[in-house]
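S.K.: Quick one, structure for this:
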Amino acid sequence: MVQKDKVLKPMRIWDVADYSIEIFKNNFKTFVFISLILHIPWIFAKFLIDTPDVKEGFVSFLRYIEVTNSNSTDLLGAAGKSFVEDVFVLLNIIYSLTIKLVFHAAIMKVVYYYVVDDIYDFSYKNILKIIKNGFKYMWRMARYKVYFYIVLFGVFILSFIGGLFGFSFIASIVIPLEEILSADLTIILSVVITLIVGPVVIFFPVGVIWTKMILGYNFIVNEGLSVSESRKRAFRMSAGSSRHIGFSSLFCYIIYIIVGKMFTIISFYVYGVYENDIIFYILYSLGTVLSTILYPFVIVFITVLFIDIKVKKDGLDLEIKLNELIEKQENAINTNNGEV
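M.R.: Here you go, the predicted structure:
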């Protein structure tokens, strides 16, 4: 890793993005090395699996087993391809709840070491040690992730129900306007109000809960807390900072999507316009490679937000400065044989 001056202070939205880009750039080789071990092999396998020819080949293999084994049940039939896709979906869920979380934990640790601790020299031995230690957080992170998505889904359902009541309320106001306005104008007004109010009513509560829970993973990894302790600490530390976390995350996600998903978006546009399979697969492959390489940036900026919140709420910057002063004093004592 690269030497840098540790100057921690409360950050604004663009400061979070700027610092995240700096960290990603300075530790690019480290992130690629971790990705090569824990993330890229699965993305490559998933890319092959999603290829129609591979799916057809797998179905043909099942058909061969079915034909050669007289005692076998009907594996294919009408649900053959659906069965194959369900298997791959299950594998993706297993990966998301195991190795992918180890990958996230390793990225979080690297960022935390870089920002908070002393210089952490890049070496394969050190990175492998970080990856190995990441496995001890895997099951806690998996439980937190399941809890996280259950809560988000519950909030979404409640918000959706609230949205239906809101739509009924809007209808009760707009429908009487038909006596004043034309029918077409009333319909347009109803659609505009629904498109504006609907997403706010449904997705705003989900976004707020997301900002209050997303830092929980970092509390598990960088503070070693349990699932329940991480949840409580994430809610407590994010109090009053939901807007900062939300807009900072949105800004960084936009950067990632624009840069990382650029070729993927272009590939679908080209296929829709020109229907050229060769160009589509070339652009889509480039998009997959680019988004995979840049994916650690998402974990980087969330960890930077975690550190920023600790600076604002826990005085992490003061703690680091105090530790540096103590370390300098101890070094001075040792150098002067006990004389300050």
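S.K.: For the chain, give me the ranges with low pLDDT.
M.R.: Counting by pLDDT under 70, the chain has low-confidence residues at 1-7, 49-84, 118-122, 169-194, 198, 271, 317, 323-324, 327-328, 330-340.
S.K.: Can you name every helix or strand that whichever strand or helix holds residue 114 contacts?
M.R.: Applying DSSP states H and E as the criterion places residue 114 in helix 99-115. Helix 99-115 sits against helix 13-26, helix 28-38, helix 124-134, helix 138-174, helix 216-223, helix 296-314, with contacts defined as 3 or more C-beta pairs under 8 Å, 6 or more residues apart in numbering; DSSP states H and E. Backbone N, C-alpha and C define where each C-beta goes, glycine included.
S.K.: Next, name the residue at the spatial heart of this structure.
M.R.: Centroid check for the chain by C-alpha atoms, centre = their mean gives residue 298 as the closest residue, at 5.7 Å.
S.K.: Return the residues in contact with it.
M.R.: Contacts for residue 298 (C-beta atoms under 8 Å, 6 or more residues apart in numbering) come out as 252, 253, 256.
S.K.: just how off-centre is the strand or helix carrying residue 248 within its chain?
M.R.: Taking DSSP H and E as the definition, one finds residue 248 inside helix 242-260. Mean-position distance between helix 242-260 and its chain equals 11 Å (C-alpha atoms, centre = their mean, to the nearest Å).
S.K.: Show me the contact partners of it.
M.R.: Helix 242-260 has contacts (C-beta under 8 Å, 6+ apart) with 13-14, 16-17, 20-21, 207-208, 210-212, 214-215, 238, 290-291, 294-295, 297-298, 301-302, 305, 309.
S.K.: same thing with stretch 126-136?
M.R.: Residues outside stretch 126-136 that contact it (C-beta under 8 Å, 6+ apart): 30, 33-34, 37-38, 102-103, 105-106, 109-110, 120, 221.
S.K.: and the closest residue to residue 115 other than its chain neighbours, how many neighbours does it have?
M.R.: What sits nearest to residue 115 in space, not counting adjacent residues and going by C-beta to C-beta, 6 or more residues apart in numbering, is residue 307, at 5.4 Å. Residue 307: 23 surrounding residues under other C-beta atoms under 10 Å.
S.K.: For residue 161, see how far away residue 253 is.
M.R.: 27 Å (C-beta to C-beta, to the nearest Å).
S.K.: Comparing those two, which shows the higher neighbour count?
M.R.: Taking neighbours as other C-beta under 10 Å, residue 253 and residue 161 compare with residue 253 leading, 14 against 11.
S.K.: quick revisit: which SSE is immediately downstream of the helix holding residue 248?
M.R.: Counting by DSSP H and E, what follows helix 242-260 is helix 262-274.
S.K.: returning to what we had before: would you reformat the helices and strands packed on helix 99-115 as JSON lines and include distance to residue 87?
M.R.: Shown next, in JSON lines, are those (distance: least, C-beta to C-beta, whole Å):
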{"stretch": "helix 13-26", "distance to residue 87": "35"}
{"stretch": "helix 28-38", "distance to residue 87": "22"}
{"stretch": "helix 124-134", "distance to residue 87": "27"}
{"stretch": "helix 138-174", "distance to residue 87": "20"}
{"stretch": "helix 216-223", "distance to residue 87": "28"}
{"stretch": "helix 296-314", "distance to residue 87": "27"}
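S.K.: if we compare those helices, which one ends up closest to residue 44?
M.R.: helix 28-38 (10.3 Å; C-beta to C-beta).
S.K.: Mind listing residues that contact that closest one?
M.R.: With C-beta under 8 Å, 6+ apart as the test, helix 28-38 has contacts from 1, 24, 99-100, 102-103, 106-107, 110, 122, 124, 127, 130-131, 292-293, 295-296, 300.
S.K.: what angle separates it from helix 99-115?
M.R.: 160 degrees (axes from the mean of the first three to the mean of the last three C-alpha atoms, to 10 degrees).
S.K.: neighbouring contacts of the next helix or strand after helix 28-38?
M.R.: Going down the chain from helix 28-38, the next helix or strand is helix 40-49, by DSSP H and E. If you take C-beta under 8 Å, 6+ apart as the criterion, helix 40-49 is touched by 54, 55, 88, 92, 95, 99, 100, 285, 288, 292.
S.K.: give me phi/psi at the third one?
M.R.: Residue 88 adopts backbone torsions of phi -70, psi -30, taken as degrees, to the nearest 10.
S.K.: any idea how far it is from residue 35?
M.R.: Noted for residue 88: a distance of 21 Å to residue 35, by C-beta to C-beta.
S.K.: just the fifth one next, same as before
M.R.: To residue 35, residue 95 is 14 Å away according to C-beta to C-beta.
S.K.: okay, and the common contacts of these two?
M.R.: With C-beta under 8 Å, 6+ apart applied, the contact sets of residue 95 and residue 35 do not overlap.
S.K.: related to what we said a few turns ago, just the buried members of the contacts of helix 28-38?
M.R.: Neighbour counting over those (16 or more other C-beta atoms under 10 Å) leaves 1, 24, 99-100, 102-103, 106-107, 110, 127, 130-131, 292-293, 295-296, 300 as the buried ones.
S.K.: And the helix holding residue 248, what's buried?
M.R.: 244, 245, 246, 248, 249, 252, 255, 256, 260.
S.K.: before we move on, back to that, I'd like the contacts of helix 40-49 laid out as CSV, including distance to residue 316.
M.R.: As requested, those are arranged in CSV below (distance: C-beta to C-beta, whole Å):
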residue, distance to residue 316
54, 48
55, 49
88, 42
92, 36
95, 33
99, 30
100, 28
285, 42
288, 37
292, 32
